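S.K.: the following comprises the amino acid sequence and a computationally predicted model.
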Amino acid sequence: MRKQDAFDVIYTHTEGEPLCIVHSGIPYPAGSTILEKRAFLEQHYDWLRKALMREPRGHKDMFGVFLTPPSSPEYDAGLIYIDGTEYSHMCGHGTIAVSMAMVANGLVPRGKDGITRIRFETTAGLVVSEVASEGDNVLWTRFENVPAYVAAQDIPVELPGYGKLSADIVWGGNYFGIVDLSNCDLRISPDNGTELSRMGLIPTIEGAFYKNVHVFSAGQLDRSPGGTGTSAMMAMFEARGKMGLNQPIKSEGLLGSGTFEGCLLGEVDLNGTRAVRPTVKGTASILGTARWVIDKNDPVAHAFGILYMPRRPTPSQRPPVREHCQSDPPPELPPPYLPSVDQRDENAWLKRLEAISRASKADPSRLLTPGEVLAALAAERARRPSGR
């Protein structure tokens, strides 16, 4: 690493949820797919993810995206989402923000009809955005997400302090475990941030269909209504007959500052699994730009993290330690790039979840504890080639 290495970023927020858009400074391998680009980042630039997401440049709940060149002419750009802990397949609030930022900063030609269409390549699949603008004003974004589907329903879980509950596992660009706490005495608000590692209660914005909080990675709280979470919730509601196709709904997030508008355009078949086509509409604001320089003489140049879990888990719940908060310095120059695609077998994980669901239904007294869920997740990550 050279002292003069610099990286340009754009900062935005979507209903309070931040996004750090990294759009320069990385020599991606020519002709690489989005999975190969992510593998390249994990192998050679993971120190940059930590440096931008964690303190002193970021914070525990920071979120970001690497804006990459497209791998083929059918895409306009690639998106690789990150936080202080790991990488994500997809992010809705981030897609809204990066779409508006690209139009506002001239990173993509504006459409002549006031609508700019952007085709994004993500590790979850194709995501298409429509950005509305009027003169110099960028107004809103609506994106069609990857198809969403319910992977498993009514999985018994036992949460300390809340007793026996059930959860649905739903794919909305990422996998979500959705637990209904509407009958529990827990209000979704910033005051309950520590307790809100689960979801609950009633919308406070008139017209909102539901209120939620999205907890991701190592206990980070999404301030926005959550785009992939809204997609997953709509798939769950539709599967349970609580909403129909082409029925717009509004979702409210943690801060209650605004809503996302969601809708299901139709249904599709995914290798024999019925899925729905979610769209999500929202708006974001640009906060500013920055050029970060990584000084190799800075003792915390590659960041540090303090208390990345909201509560200290018991030994039985504690997942394997993956890394130190302060990483080792990267090499002076990256070694030659060797394609090493991170093959994540999501179907295998889905089959395990379905097997757990079947076993739980066969034996109603068999409840999953949080420790067992963490242990199962840790075992699955250890099984994967990347060890994650």
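M.R.: In hand now; what should we look at?
S.K.: any weak-confidence spans in the stretch 1-150 of the chain?
M.R.: 1-4 (pLDDT under 70).
S.K.: recalculate using a threshold of 50.
M.R.: Along the stretch 1-150 of the chain, the parts satisfying pLDDT under 50 run over 1-2.
S.K.: where do the helices sit along it?
M.R.: Secondary structure of the stretch 1-150 of the chain (DSSP state H, counting those that start in this stretch): helices at 34-44, 46-53, 92-104.
S.K.: and those as CSV, adding distance to Lys60?
M.R.: Heads up, the C-betas are built off the backbone N, CA and C, glycines and all. Formatted as CSV, the helices of the stretch 1-150 of the chain follow (distance: least, C-beta to C-beta, whole Å):
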stretch, distance to Lys60
helix 34-44, 21
helix 46-53, 9
helix 92-104, 17
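S.K.: for Gly177, find the nearest of those helices.
M.R.: For these, proximity to Gly177 was assessed by C-beta to C-beta; helix 92-104 is nearest, at 17.2 Å.
S.K.: for the closest one, buried residues please.
M.R.: Buried residues in helix 92-104, counted by 16 or more other C-beta atoms under 10 Å: 92-104.
S.K.: as JSON lines, these with distance to Ala6 would be great.
M.R.: Supplementary listing: the buried residues of helix 92-104 in JSON lines, determined by distance: C-beta to C-beta, whole Å:
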{"residue": "Gly92", "distance to Ala6": "30"}
{"residue": "His93", "distance to Ala6": "27"}
{"residue": "Gly94", "distance to Ala6": "23"}
{"residue": "Thr95", "distance to Ala6": "26"}
{"residue": "Ile96", "distance to Ala6": "27"}
{"residue": "Ala97", "distance to Ala6": "22"}
{"residue": "Val98", "distance to Ala6": "20"}
{"residue": "Ser99", "distance to Ala6": "25"}
{"residue": "Met100", "distance to Ala6": "25"}
{"residue": "Ala101", "distance to Ala6": "19"}
{"residue": "Met102", "distance to Ala6": "21"}
{"residue": "Val103", "distance to Ala6": "25"}
{"residue": "Ala104", "distance to Ala6": "22"}
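S.K.: isn't Gly125 up against Val146?
M.R.: Yes. Gly125 is in contact with Val146 according to C-beta atoms under 8 Å; the separation is 4.1 Å.
S.K.: these two: who's more crowded?
M.R.: More crowded of Gly125 and Val146, by other C-beta atoms under 10 Å: Val146, with 22 against 14.
S.K.: mind listing what the more buried one touches?
M.R.: By C-beta atoms under 8 Å, 6 or more residues apart in numbering, the residues touching Val146 are 90, 122, 124-127, 173.
S.K.: what number of residues lie near Lys112?
M.R.: Residue crowding around Lys112 was assessed by other C-beta under 10 Å; the count is 7.
S.K.: out of the contacts of Val146, which is most surrounded?
M.R.: Gly173 (28 neighbours).
S.K.: which residue is the nearest non-sequential neighbour of that one?
M.R.: Among residues not flanking Gly173 along the chain, Met90 sits closest, at 3.1 Å (C-beta to C-beta, 6 or more residues apart in numbering).
S.K.: check contacts around the one you found.
M.R.: So Met90 contacts 81, 122-124, 127, 145-146, 172-174, 228 (C-beta under 8 Å, 6+ apart).
S.K.: how about 6 Å then?
M.R.: By C-beta atoms under 6 Å, 6 or more residues apart in numbering, the contact list for Met90 reads 122, 124, 173-174, 228.
S.K.: again with Gly84
M.R.: Residues near Gly84 by C-beta under 6 Å, 6+ apart: 53-54, 62.
S.K.: state the distance from the closest residue to it other than its chain neighbours to Thr12.
M.R.: Leaving out its chain neighbours, the residue that sits closest to Gly84 by C-beta to C-beta, 6+ apart is Met53, at 4.0 Å. The gap separating Met53 from Thr12 is 15 Å, by C-beta to C-beta, to the nearest Å.
S.K.: same question for Ser257.
M.R.: 15 Å.
S.K.: the two: which has the busier surroundings?
M.R.: Taking other C-beta under 10 Å, Ser257 and Thr12 do not tie; Thr12 has more neighbours (23 against 14).
S.K.: tally of neighbours for Gly258?
M.R.: 17.
S.K.: how about the residue nearest to Gly84, what does it touch?
M.R.: 62, 64, 83-84.
S.K.: recalculate using a threshold of 10 Å.
M.R.: Residues in contact with Met53 (C-beta atoms under 10 Å, 6 or more residues apart in numbering) are 20, 59-64, 82-85, 303, 305.
S.K.: and the buried ones among those, selectable in PyMOL?
M.R.: Those of these that count as buried under 16+ other C-beta under 10 Å are selected in PyMOL with:
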select buried, resi 20+60+61+62+63+64+82+83+84+85+303+305
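S.K.: of the contacts of Met53, which is the nearest to Asp46?
M.R.: Nearest to Asp46, judged by C-beta to C-beta, of the contacts of Met53 is Ile82 at 9.2 Å.
S.K.: how close does the closest one sit to Phe66?
M.R.: Distance from Ile82 to Phe66, counting by C-beta to C-beta: 7 Å.
S.K.: same question for Asp269.
M.R.: The gap separating Asp269 from Phe66 is 32 Å, by C-beta to C-beta.
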